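A.B. asks: structure, please.
(one chain, ligands or ions: 3)
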Amino acid sequence: MRITVLGSAAGGGFPQWNCNCRNCAGLRAGTLKAKARTQSSIFVQPDGGVDGVLFNASPDILEQIRSKPVLQPARSLRDSAIAGVVLMDGQIDHATGLFMLRERKGALPLWCTDPVAEDLSQGNPVLRVLDHYCGVDRHRIALDGGSFAVTGVADLSFRALPLSSKAAPYSPHRDRPVPGDNIGILISDDRSGRRAFYAPGLGQITPEVFDAMALADCVMVDGTFWTDDEMPRLGLGTKTARDIGHLPQSGPGGMIEWMAKLPQHTRRMLIHVNNTNPILDEDSDERATLTRAGIAVCEDNMQIDV
Ligand code: MLT
Ligand code: MN
Ligand code: ZN
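C.D. replies: Residues are numbered from 1 along each chain as shown. Ligands and ions are numbered 1, 2, ... in the order given. Sure, this is the predicted structure:
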């Protein structure tokens with residue numbers, strides 16, 4: 001399969017419009033060795049295939065589509081390589097781009113869990129609004145361990161895992177989580193037998209989550225924060241990484257420790273990086289620590305063949 005990273009930043013992107021943290025200010029001033037990043041999304045195609053699956057619909061989707069010709073194969077007057085959309089949660093950075101697909105001819109094929117469909121019909125009624133445009137052909141992602149396929153995308157199958165992370169602030173489950181608020185996806189290429197695990201928001205690595213990661217040839221997981229107190233320490237509110245459902249990379253029980261337990265051959269990548277995270281500075285000690293641990297930081301437009 002081929003994975004194209006459309007957006008590798010967390011909500012807000014990098015630089016964030018109103019932020020003057022060391023990273024955002026340094027990138028604007030040209031004094032920081034770092035790359036700008038749009039908000040959280042990947043596109044996955046089977047080997048040799050044109051049509052693929054969009055994971056998450058970012059607020060930056062139009063810019064992402066414009067900069068990636070692979071998403072516009074131009075086979076007809078109105079065309080797109082997006083055969084369907086799969087949502088990992090109902091947060092702003094993963095759902096707002098659905099509005100931008102409203103010109104689609106015919107209902108938009110969309111896979112999400114029941115709690116996400118509920119949040120996107122009530123707290124933030126994107127799906128109801130889209131009914132006035134192209135409409136949504138919603139498919140339910142079950143949490144029974146079964147796999148699903150996306151019509152028009154040969155060879156790929158998908159299995160969802162409920163994750164402990166965080167529903168959006170407009171969700172009635174924000175502080176009373178239910179299974180399916182957030183999911184990770186194990187993507188299998190049934191022809192090559194290769195697998196990838198994608199989880200941009202991941203608060204806790206349970207045995208089930210670790211098993212799915214260990215099955216994958218490539219893991220692309222939560223790279224939001226380096227430390228648990230990253231935001232409060234910068235004076236940006238009081239919430240820790242764990243409070244908002246993200247496992248920090250450093251420290252005991254952090255993502256780096258978990259990734260070290262994966263099989264040697266596993267390709268390790270961080271995605272959904274918050275603009276405050278020191279790993280965005282390519283000259284930082286934190287980035288050097290990741291490199292020594294064999295962990296890459298996703299960048300927009302990266303193509304990953306799994
Ligand atoms: C998160 O995952 O916590 C977000 O990126 C939230 C947001 O989009 O504001
Ligand atoms: Mn997010
Ligand atoms: Zn910033």
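A.B. asks: look up how far residue 115 lies from residue 177.
C.D. replies: For residue 177, the distance to residue 115 (Cβ to Cβ, to the nearest Å) stands at 9 Å. Bear in mind the C-beta positions are built from the backbone N, C-alpha and C, glycine included.
A.B. asks: tell me which stretches of the stretch 51-200 of the chain form strands.
C.D. replies: 52-55, 82-86, 108-112, 136-140, 147-148, 156-162, 183-189, 195-199 (DSSP state E, counting those that start in this stretch).
A.B. asks: in JSON lines: those, plus distance to ligand 2.
C.D. replies: Formatted as JSON lines, these follow (distance: least, Cβ to the ion, whole Å):
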{"stretch": "strand 52-55", "distance to ligand 2": "12"}
{"stretch": "strand 82-86", "distance to ligand 2": "15"}
{"stretch": "strand 108-112", "distance to ligand 2": "15"}
{"stretch": "strand 136-140", "distance to ligand 2": "21"}
{"stretch": "strand 147-148", "distance to ligand 2": "23"}
{"stretch": "strand 156-162", "distance to ligand 2": "17"}
{"stretch": "strand 183-189", "distance to ligand 2": "13"}
{"stretch": "strand 195-199", "distance to ligand 2": "11"}
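A.B. asks: what's the most buried one of these?
C.D. replies: strand 52-55 (a mean of 26; mean count of other Cβ atoms under 10 Å).
A.B. asks: picking up where we left off before, between residue 177 and residue 115, which contacts overlap?
C.D. replies: residue 167 (Cβ atoms under 8 Å, 6 or more residues apart in numbering).
A.B. asks: which of those two has more neighbours?
C.D. replies: Neighbours were counted for residue 177 and for residue 115 using other Cβ atoms under 10 Å; residue 115 has more, 23 against 19.
A.B. asks: in the protein, which ranges drop under the pLDDT threshold?
C.D. replies: Along the chain, no part satisfies pLDDT under 70.
A.B. asks: contacts for the host helix or strand of residue 209?
C.D. replies: Element membership for residue 209 (DSSP states H and E) is helix 207-215. The contact list for helix 207-215 (Cβ under 8 Å, 6+ apart) reads 159, 161, 163, 184, 186, 195, 197, 199, 202, 205, 219, 221, 258, 261-263, 266.
A.B. asks: again, but for stretch 276-286
C.D. replies: Contacts for stretch 276-286 (Cβ under 8 Å, 6+ apart): 14, 19, 21-23, 26-27, 32-35, 37, 223-226, 230-231, 234, 236, 249-250, 270, 273, 287, 290, 297.
A.B. asks: returning to what we had before: in TSV: the strands of the stretch 51-200 of the chain, plus distance to residue 244.
C.D. replies: Below are the strands of the stretch 51-200 of the chain laid out as TSV (distance: least, Cβ to Cβ, whole Å):
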stretch	distance to residue 244
strand 52-55	20
strand 82-86	22
strand 108-112	20
strand 136-140	26
strand 147-148	28
strand 156-162	18
strand 183-189	17
strand 195-199	15
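A.B. asks: identify the residues contacting the residue of the stretch 201-306 of the chain found nearest ligand 3.
C.D. replies: Closest residue of the stretch 201-306 of the chain to ligand 3, Cβ to the ion: residue 275 (3.7 Å). Applying Cβ under 8 Å, 6+ apart, we find residue 275 in contact with 9, 10, 12, 13, 14, 15, 16, 19, 21, 23, 24.
A.B. asks: closest one of those residues to residue 47?
C.D. replies: Set against residue 47, the nearest of the contacts of residue 275 by Cβ to Cβ is residue 9 (27.7 Å).
A.B. asks: which non-adjacent residue is nearest the closest one?
C.D. replies: Leaving aside its sequence neighbours, residue 9 sits nearest to residue 37 (Cβ to Cβ, 6 or more residues apart in numbering; 3.7 Å).
A.B. asks: the one you found: neighbouring residues, count only.
C.D. replies: 26.
A.B. asks: check residue 287 too.
C.D. replies: 20.
A.B. asks: need the residues of the chain near ligand 2, please.
C.D. replies: With the criterion set to Cβ under 5 Å from the ion, the chain comes near ligand 2 through 10, 11, 91, 93.
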